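Student: no FASTA, just this:
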């Protein structure tokens, strides 16, 4: 099964992001063939994408996540700014401000998973909330230009109280995420 580890955002932030997505969709008038907007209920902050995991490995992953969560106090994150990855842009995201606790938690989780045999990421952790996957160069240019004014716009605060392990099933209508475990922070 295809899995990832993430922290969830609350309903108020999902509503704020949905408003932002609606605003950007209206301003850009992009077609569905040019951009795939992430459903607000699917927006999360990925800590580690595991890819294909054997069923017998799930309990060890959940144990590692639970042990990591137990080492951290609950904390809040400021969601701020909108930007893109790629040139031309391929992903539209919302960023985070002042995230040292999140960075430390993610590195600790990465280290524990590496010690258990999962490969480390080759790139630096760059936490973000994916808002849209861009399918054409034209759409990428349009979105890059449109979001310049929102590069530092605050979106709000989200309270982080748990780390989740999710199963991801890819379907014709988009991904379906199923919660496998939720480990509470202290």
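Tutor: Great, that's in hand. As the structure is a computational prediction, the values presented were derived from the model and not from experiment.

Student: CA only for contacts and neighbour counts going forward, please
Tutor: OK.

Student: now do the lowest-mean-pLDDT helix or strand in the chain: distance to the chain's middle.
Tutor: Every helix and strand in the chain was compared by mean pLDDT, DSSP states H and E; the lowest is helix 137-147, with a mean of 90. Between the centre of helix 137-147 and the centre of its chain there are 21 Å (C-alpha atoms, centre = their mean, to the nearest Å).

Student: next structured bit after it?
Tutor: Using DSSP states H and E, the next helix or strand after helix 137-147 towards the C-terminus is strand 154-160.

Student: tell me how far that next one lies from the chain's centre.
Tutor: 14 Å.

Student: which elements pack onto it?
Tutor: helix 11-28, strand 75-85 (3 or more C-alpha pairs under 8 Å, 6 or more residues apart in numbering; DSSP states H and E).

Student: pick the most deeply packed of those.
Tutor: With neighbours defined as mean count of other C-alpha atoms under 10 Å, the helices and strands packed on strand 154-160 peak in mean count at strand 75-85, which reaches a mean of 20.

Student: okay, now the sheet partners of it, with direction.
Tutor: Paired with strand 75-85 in the same sheet, following DSSP bridges, are strand 91-97 (antiparallel), strand 154-160 (antiparallel).

Student: now do the last one and helix 11-28, the angle between them.
Tutor: Read that as strand 154-160. Angle of strand 154-160 versus helix 11-28, following axes from the mean of the first three to the mean of the last three C-alpha atoms, to 10 degrees, is 150 degrees.
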